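> build the 3D model from these lines:
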Amino acid sequence: MSIPQSKFNLDSIGRSIFEQEYEKIVNWCIKRDEVNKLNALPKGRVANVFIVIEPVSRLIIRHEQETTDVTTIPTYVGAIVPAILNTKLQSGSMRRQLLTILHEWFERNKTIAGKELGITSYTCAMRPHLKQAREKQAPEEFEGYCGECPNCLIFGYAVQEGGGYNVKSRVEGDIYVGVVPQEQSIVSVTFNAVDDIAKTTYRPEATGEARTGALYEFRMIEVGTPFVGKLSLKDMTFAELLLTLVALARTTRIGGRKTHFGEIKIHIPAILFSKYEIGSGYEIANRILLRHSGKRVTIEETINEVVEYVSRFKDHGILVLDRELGDKLRSLGERELDTVVLQAWKDVLILKKSLDEFVGKK
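Sure thing, here's the model as predicted:
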């Protein structure tokens, strides 16, 4: 199946998403048309993507496996608020979403992948590397990151022992800060430990109080607690930029026990295309806490604060303010996303070969 370029191309897709700012943005993005070792050098293109995370179910956000408490941080206005580390969003959720997009695309477009990209199989996966025995083992079908796809060249990867080079992530984040004090945003919930075989919450062999099932407690973030933060997307082509934003917008779960909890919606009300990193979610959160005196704020109020904050930097680059941007990215059709993925994959293959040339790898 071929993609009808007359109807679905990056130009039409870009205009539908960024509208009047499209021409400026596409000219601002990196151009990578041929293999050249100079492609490995930094270009000074930073897309500052400001986001609001809206929990639509309770969240379990912990920074250590052994604790059942919520990750919190202090603010300079005196309130202690819940926080989400960037690793939870970027590595734990967003990168998995991108891999899902790529695998789904490859399964439907194997012929195109072979013809346009020279790829006959695709097994890239987030898989922990196990310690290898000294004896040479037969290669496994799934060995982890492939090192040659949009997932690897956008989010980076580290090589195992035996040669090669590491690639740094071009997606950088900090921390996503809650804008409601912990007293109003964190709840304690008690659960029963159910016996998976007997489907009971007690031990039949015991008597008296010992017969009662085990109880455990989680501290959880309440539904509707807004979080603000920023991602920096660096030195990306227009197709890479779109693909990364789609993966971000379509990330729907975060934190622990995502089978039962952790559903979110990501809003992208502002992007500032600049020469350097500007702004932070921590600053925005402190402004909100100070203005609202620690009272509970809505998602809409939080978005308004983000827009007002980012508007201060309109002279520092190309500013896009669009409350519907996340919905636009989520609503891209299958054929439109096919076009984005194909071009982004071509772009990263050129980058990979350019990096090989830069480090002198034959």
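> wait, what's in contact with the residue sitting nearest the centre point of the chain?
Centroid-nearest residue in the chain, with CA atoms, centre = their mean: Met94, separated by 2.9 Å. Residues near Met94 by CB atoms under 8 Å, 6 or more residues apart in numbering: 171, 247-248, 251. In short, each C-beta sits where N, CA and C put it, glycine included.
> also Asp69?
62, 219.
> the same query, at a cut-off of 10 Å, please.
Applying CB atoms under 10 Å, 6 or more residues apart in numbering, we find Asp69 in contact with 61-63, 186, 188, 218-219.
> check the secondary structure at it for me.
coil (DSSP: H, G, I helix; E, B strand; the rest coil).
> one step back: which strand or helix spans the nearest residue in space to the residue nearest to the centre of the chain that is not next to it in sequence?
Distances taken as CB to CB, 6 or more residues apart in numbering put Thr251 closest to Met94, at 4.9 Å, once the chain neighbours are dropped. For Thr251, there is no host helix or strand (DSSP states H and E).
> where does pLDDT dip in the stretch 201-350 of the chain?
201-216, 258 (pLDDT under 70).
> 90 instead?
Applying pLDDT under 90 to the stretch 201-350 of the chain flags the ranges 201-221, 254-262, 293-296.
> make sure Ser91 is actually in contact with Phe155.
Yes - proximity of Ser91 to Phe155 meets the contact threshold set by CB atoms under 10 Å, at 7.9 Å.
> shared neighbours, those two?
Joint contacts of Ser91 and Phe155 (CB under 10 Å, 6+ apart) are 126, 169, 171.
> assumed the first one was part of a strand.
No - according to three-state DSSP, Met126 belongs to no strand; its state is coil.
> on that earlier part again, the more surrounded of Ser91 and Phe155?
Ranked by neighbour count (other CB atoms under 10 Å), Ser91 and Phe155 place Phe155 first, with 22 against 16.
> in three-state terms, label Tyr176 for me.
Here Tyr176 is recorded as strand under three-state DSSP.
> which non-adjacent residue is nearest it?
Closest residue to Tyr176 apart from its sequence neighbours, by CB to CB, 6+ apart: Gly229 at 3.5 Å.
> before we move on, what SS does that neighbour have?
Relying on three-state DSSP, one would call Gly229 strand.
> which residues touch it?
Here Gly229 is in contact with 49-53, 83-84, 86, 89, 173-177, 280-282, 284-285, 306 (CB under 10 Å, 6+ apart).
> check which helix or strand covers Ile51.
Element membership for Ile51 (DSSP H and E) is strand 46-55.
> just to revisit the earlier point, may I ask which of the shared contacts of Ser91 and Phe155 has the most neighbours?
Busiest of the shared contacts of Ser91 and Phe155 [other CB under 10 Å] is Val171, holding 24 neighbours.
> what's the next secondary structure element after the helix or strand containing Ile288?
Here Ile288 sits within helix 281-291, counting by DSSP H and E. Beyond helix 281-291 in the direction of the C-terminus, DSSP H and E gives the next helix or strand as helix 299-311.
> now do the helix or strand that the strand holding Ile51 is followed by: distance to the chain's middle.
Counting by DSSP H and E, the next helix or strand C-terminal to strand 46-55 is strand 72-74. Put simply, strand 72-74 sits 22 Å off its chain's centre (CA atoms, centre = their mean, to the nearest Å).
> by contact count, what packs against strand 72-74?
With contacts defined as 3 or more CB pairs under 10 Å, 6 or more residues apart in numbering; DSSP states H and E, strand 72-74 has these neighbours: strand 80-85, strand 175-178, helix 182-185.
> so which of those comes closest to Ala344?
When the helices and strands packed on strand 72-74 are compared by CB to CB, strand 175-178 sits nearest Ala344, at 25.3 Å.
> hey, where'd the helices end up in the stretch 1-150 of the chain?
Remark: helices assigned in the stretch 1-150 of the chain by DSSP state H, counting those that start in this stretch are 10-18, 22-28, 86-89, 95-108, 110-112, 150-155.
> quick check: the residue nearest to Met94 touching Lys265?
Yes - at 9.4 Å, Thr251 and Lys265 qualify as touching, with contact defined as CB under 10 Å.
> any chance of the helices of the stretch 1-150 of the chain in CSV, plus mean pLDDT?
CSV is the format used below for the helices of the stretch 1-150 of the chain (pLDDT from 0 to 100):
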stretch, mean pLDDT
helix 10-18, 95
helix 22-28, 96
helix 86-89, 90
helix 95-108, 96
helix 110-112, 95
helix 150-155, 96
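> among the ones you listed, which comes closest to Asp338?
Going by CB to CB, the one of the helices of the stretch 1-150 of the chain nearest Asp338 is helix 95-108, 6.4 Å.
> got the buried residues for that closest one?
Across helix 95-108, burial judged by 16 or more other CB atoms under 10 Å covers 95-99, 101-103, 105-106.
> what residues does that helix touch?
Under CB under 10 Å, 6+ apart, the answer for helix 95-108 is 1, 89, 112-113, 117, 119, 121-126, 145, 149-152, 154-156, 169, 171, 243-244, 246-253, 334, 337-338, 340-342, 344-345.
> for PyMOL, what selects the buried ones among the residues you listed?
Selection of buried members from these for PyMOL, criterion 16+ other CB under 10 Å:
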select buried, resi 89+112+113+117+119+122+124+145+149+150+151+152+154+155+156+169+171+243+244+246+247+248+249+250+251+253+337+338+340+341+342+344+345
